[in-house]
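# below are the sequence and a predicted model; questions follow.
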Amino acid sequence: MNTPKIKKYIIPLIVIWIFTIKVSLGLEKPNVLFIAIDDQNDWIGCLGGHPQVKTPNIDKLAENGTVFLNAHCQSPLCNPSRTSLMTGLRPTTTGIYGLAPWFRKVGSMKDLITLPQHFQNHGYLTMSAGKIYHGRYGRENGKNQEFDIVGPAASAAPFPNKRLVGKTPQNHKLVDWGTFPHRDDEKGDFKIASWGIEKLNSKPKEPFFLALGFFLPHVPCFATQKWFDLYPENEIKTPQIIENDRLDTPRFSWYLHWRLPEVRLKFLEEKNEWLNLTRSYMACTSFVDHQIGRVIDTLKKNNQDKNTIIVLWSDHGWHIGEKEITGKNTLWDDGTRVPLIFSGPGINKGRCKQPAELLDIFPTLNEICNLPTLNHLEGLSLKPQLSNSKTKRLRPAITCHNHDNNAVRSENWRYILYANGSEEFYDMKNDPNEWNNLASNGEYKDLMLEHRNWIPEKNKKPVLGSKYRILTYDKENGEVIWEGKKIRETDLVPEI
């Protein structure tokens, strides 16, 4: 009997066995790598949102963990979406609907325990770079920092010497796309990945919570030529649409994005920019995918992946011509569906079709990292689905945009109720593009009511200081107010 050889194989197995038991019993807290992507819709290979997109690193992450194929944001706008995820509260509870205010300026939320603070309070070293909260919230002048260590902020730089697409209707600096001579290592997202790699290589004290927020493919969709070369101009397909898609949608649907810097489909078609924007968005998506791959490769190289939960998400979707617009600010699937992937020790491989919400991330991380439950959290833990992707969820995903406009997304249906009572209803299994609004079809009355009953009873009005993309509706007088200005019934839908 060769004892040294037996020891050679048995001892590592015992170490792995002991480690597995410790994790399962909650005697060790896993690290968390928390990856956010800004304005990333379902144009990810594993989600199938566009058949030609190339995201090998995110797809590999999905293969090794659980990808939620029907995950949705709580608001199709950066600040309310990220506020919801990080606080564990719905926008209908917080009253945060616009790009301002920062929730810490609201008295009732001044001392609310957020996701990173909860981890910090239970022995985690918390680190962050890029866009996790909206803009520079949570990192302003070294004050109000939500993390122990804060790295570089998100950046859209570098910019070309002049606009690439010429003048847009509102000529906003960020509404631009294309390629120009610059280097990948000049870009903000490259620097964020490099900062994350540096932190991992420094072997930080464990357990750690490392949050990296990538800015692209948020406009301006600038990428270097190598990423455009992945998508030859003569091969790329623009999104599939139908003409006059919104003839069967309520006028109120236009109010949610009444007048914004993002261009309409009309502009893309008239200026021959639709294909260019499609390529630019996809090039930026592939660039960010590569940065994510760099970080995950470092995690593995350092053998830190053995005790690290990776969660990848985006704050909301983004239209590229669908429903006659570009951008977010809608309650359709293109505006609400997001990537959501969990991977790491104890997480099974699976593709979950059950509805999920970004709101669920906080309670899920609590449970799988063995942290105490917080009473204020409104999401559901996804741990049952991480154990078995076919496990049924107790409720649908619910998204709001501004006060009293809500969407309910179940496994096969989408119901939308606007503030003035107008409705939309879609069969997502047979009509995934939401081309046929069934709300006026009496055959679906009971099913619509079933979905309507999920809309939150608590529906708080915008908090003091709310501004930027704020829409309100006075039911008593039938008045619609967009960013402080009344919209009349006779007003034409803006072409910008």
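Nice, I can see it. Numbers count the residues shown, from 1 in each chain.
# helix, strand or coil for residue 481?
strand (DSSP: H, G, I helix; E, B strand; the rest coil).
# go ahead and confirm it touches residue 466.
No. Checked against C-beta atoms under 8 Å, the pair residue 481 and residue 466 is beyond contact range at 11.7 Å. C-beta coordinates here come from the backbone N, C-alpha and C atoms, glycine included.
# between these two, which is the more surrounded one?
Higher neighbour count among residue 481 and residue 466: residue 466, with 22 against 14, using other C-beta atoms under 10 Å.
# pretty sure the more buried one contacts residue 100?
Yes. Counting by C-beta under 8 Å, residue 100 is a contact partner of residue 466 at 6.8 Å.
# tell me the mean pLDDT for the helix of greatest length in the chain?
Among the elements of type helix in the chain, defined by DSSP state H, the one spanning the most residues is helix 274-301. On average, the pLDDT along helix 274-301 is 98.
# buried set for that helix?
Burial within helix 274-301, assessed by neighbour count using 16 or more other C-beta atoms under 10 Å, is assigned to 274, 276-293, 295-296, 298-299.
# tell me how far that helix is from the chain's mean position?
Taking C-alpha atoms, centre = their mean, to the nearest Å, the mean C-alpha location of helix 274-301 is offset from the chain mean by 15 Å.
# how about stretch 168-176?
Worked out by C-alpha atoms, centre = their mean, stretch 168-176 lies 23 Å from the chain centre.
# in it, which residues are buried?
Going by neighbour count (16+ other C-beta under 10 Å), the buried part of stretch 168-176 is 168-169, 175-176.
# one step back: ok, then the element right after the longest helix of the chain?
Tracing the chain C-terminally past helix 274-301 and defining elements by DSSP states H and E, one meets strand 308-314 next.
# who touches that next one?
Where contact means C-beta atoms under 8 Å, 6 or more residues apart in numbering, the residues beyond strand 308-314 that reach it are 30-41, 58, 61, 65, 71, 73, 85, 292, 296, 299, 338-345, 347, 358, 361, 364-365, 368-369.
# list the ones among the residues you listed that fall in strands.
31-37, 71, 340-343 (DSSP state E).
# hmm, which two among those residues are most spread apart?
Considering C-beta to C-beta, no two members of the ones in strands among the contacts of strand 308-314 lie farther apart than 31 and 71, which are separated by 22.7 Å.
# which one's more surrounded, these two?
Set side by side, residue 31 and residue 71 show more neighbours around residue 71, with 27 against 24, by other C-beta under 10 Å.
# check what pLDDT the nearest residue to that one once chain neighbours are set aside gets.
The shortest distance from residue 71 to any non-neighbouring residue, by C-beta to C-beta, 6 or more residues apart in numbering, is to residue 340 (3.6 Å). Predicted confidence (pLDDT) at residue 340: the value is 99.
# any idea how far residue 378 is from residue 340?
Distance, residue 340 to residue 378, using C-beta to C-beta, to the nearest Å: 17 Å.
# ok, those two, which is more surrounded?
When residue 340 and residue 378 are compared for neighbours, residue 340 comes out ahead with 27 against 20, by other C-beta under 10 Å.
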